[in-house]
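Engineer: Show me the folded form of this:
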Amino acid sequence: MKRTTVAVAAFLAVVPLVCHAAAQKGTRAKIDQYMHAAVKVDHFMGAILVAKGGHVVIAKGYGMADLKDRVPNRPDTEFRIGSVTKQFTATAILMLQNRGKLNVEDPVCKYVPKCPKDWRPIKLSNLLTHTSGIPNLTAFKGFDKFTKKPHTPTQVLDYFKNRPLDFKPGAKFSYSNSNYEVLGYIVQKVSGEPYKTFLRQHIFGPLGMKNSGYDSSHPTAKNHAKGYTHSKDGYKPAEYVNMTVPYGAGALYSTVQDLYTWDRALEAGKVLPKPLHEEMFAPHVAIGKSGNRHYGYGWDISTEFGYKRYSHNGGIPGFTSLNSWFPGQHAYVIVLDNTTSPDISAIGQALTAILFGRKYSIPRPFKAISLPPKDLEKFVGKYRITPRFAITISLDGDQLKAQPTGQAADPIYPESKDRFFLKDVRAEIEFVTNAKGEVTGVVLHQNGHQISGHKVKQGP
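Structural biologist: Prediction:
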């Protein structure tokens, strides 16, 4: 009798493990199905890692790291991570604060020689949260030429430090890579070590992130992906960037495996003392007017499917990146690519939906149909999405165009009588009609989200 009881107890103990393994296998299959569609439809090339509860659900590469030599992408392929670099720069600053070398409430001018007068009110915390007002150097005319030549950190700062501020320090959030260029300079000056050496010695080395570091302008590692762009003409090598320029704002490379190591170390409290960890992930400043997104120190803080999410996107010619994790859920979604994908947020959102058992859509190719101009005229008008953002629909001959606030007009193509798509951006515009057949609004479908707007101006 006792032996039977033991056997039954052992069986019951195994059942949850079997169920968990089966569920994980199902999730892996759904993710792989989605990614193969993303490869086919959106020309994705890169690597992903999705994990939950201490178990890696999937870690896999798709497409080629090197098209010429036919080297496939793998979980240990190195990618440039662009602005995901910022979380490492912010961590370096907080590490230096923990050692008494600086404080985030220190004035920037304490560390920057020949500091502009307008910068005197700026604190390090303003740099960390993009509230300094320092203009974004990547938006400057001629920046493309600037990135082609090597520059010292001082020369990079000189490129923008005497330009007028965009707004009074602390007045609002406005994303600017210049902030993290200054922070990278301060890490180097205060620590007495080159920026890349500090990160290697105090972050990458101790955490065992062997495939992460400050990237070379001409990387030679066999497992380092080459960057590409994709168009109707196929894949082309991305534009050259001298990696001395992105510096503390975007010069690092990593792998999905290393970023998983990084995220888990952060969640486990192995990187920073608790007070500084909490300061890094505090919602210091709102992003936009919705109140659903905030910026911490190098991290975007938001909510996805009811769960708090810490994330950051990155982009640099030839590469885009997404590093995201969900504190308390022990869940991680990491996407790196080498094709300058405009849809990496949509991929991340879909993978998150699959991980949490929510609805998602498999990428599908758009197919345009033909509609006569008379059927297109009713869509012309202005559609208010938010108080500061609208989409203006115009008709040029038989071509309908959509122009978002502050952007150029792009052609949109019908896939049904009331749903249109853009060719260069994976987005759709669905027009809403009333019982009389009058167009009253739109629903914008992009990055896995749906945003509604109402018509505020009738067409001619």
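
Engineer: ok, so what distance separates the residue nearest to residue 187 when sequence neighbours are not counted from residue 195?
Structural biologist: Distances taken as C-beta to C-beta, 6 or more residues apart in numbering place residue 92 nearest to residue 187, at 4.6 Å, with adjacent residues excluded. Heads up, the C-betas are built off the backbone N, CA and C, glycines and all. For residue 92, the distance to residue 195 (C-beta to C-beta, to the nearest Å) stands at 8 Å.

Engineer: which neighbours do the two share?
Structural biologist: residue 187 (C-beta atoms under 8 Å, 6 or more residues apart in numbering).

Engineer: circling back: list the contacts of the residue nearest to residue 187.
Structural biologist: Taking C-beta under 8 Å, 6+ apart, one finds 183, 187, 191, 195, 198-199, 202-203 in contact with residue 92.

Engineer: same deal with residue 335?
Structural biologist: Residue 335 makes contacts with 46-48, 256, 321-322, 344, 347-348, 351, as judged by C-beta under 8 Å, 6+ apart.

Engineer: burial count for the closest residue to residue 372 other than its chain neighbours?
Structural biologist: With sequence-adjacent residues excluded and distances taken as C-beta to C-beta, 6+ apart, residue 372 is closest to residue 398, at 7.6 Å. Applying other C-beta atoms under 10 Å, we find 11 residues neighbouring residue 398.

Engineer: repeat for residue 145
Structural biologist: Residues near residue 145, counting by other C-beta under 10 Å, number 8.

Engineer: Could I get the full set of helices for the stretch 251-400 of the chain?
Structural biologist: In the stretch 251-400 of the chain, the helices defined using DSSP state H, counting those that start in this stretch lie at 256-267, 274-280, 344-355, 373-376.

Engineer: Now render those helices as TSV, adding mean neighbour count.
Structural biologist: Converted to TSV, the helices of the stretch 251-400 of the chain look like this (neighbours: other C-beta atoms under 10 Å):
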stretch	mean neighbour count
helix 256-267	22
helix 274-280	15
helix 344-355	23
helix 373-376	13
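
Engineer: Figure out which of those helices is closest to residue 27.
Structural biologist: helix 344-355 (6.1 Å; C-beta to C-beta).

Engineer: and the closest one, C-alpha only, in PDB?
Structural biologist: The C-alpha trace of helix 344-355 is given here as PDB (Å, rounded to 0.1, in the frame of the first residue of the first chain):
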ATOM      1  CA  ILE A 344      10.900  45.300 -34.700                       C
ATOM      2  CA  SER A 345       8.400  46.700 -32.200                       C
ATOM      3  CA  ALA A 346       5.600  44.800 -34.000                       C
ATOM      4  CA  ILE A 347       7.700  41.600 -33.800                       C
ATOM      5  CA  GLY A 348       8.400  42.200 -30.100                       C
ATOM      6  CA  GLN A 349       4.700  42.900 -29.400                       C
ATOM      7  CA  ALA A 350       3.600  39.700 -31.200                       C
ATOM      8  CA  LEU A 351       6.200  37.500 -29.400                       C
ATOM      9  CA  THR A 352       5.000  39.000 -26.100                       C
ATOM     10  CA  ALA A 353       1.400  38.200 -27.000                       C
ATOM     11  CA  ILE A 354       2.300  34.600 -27.800                       C
ATOM     12  CA  LEU A 355       4.300  34.300 -24.600                       C
END
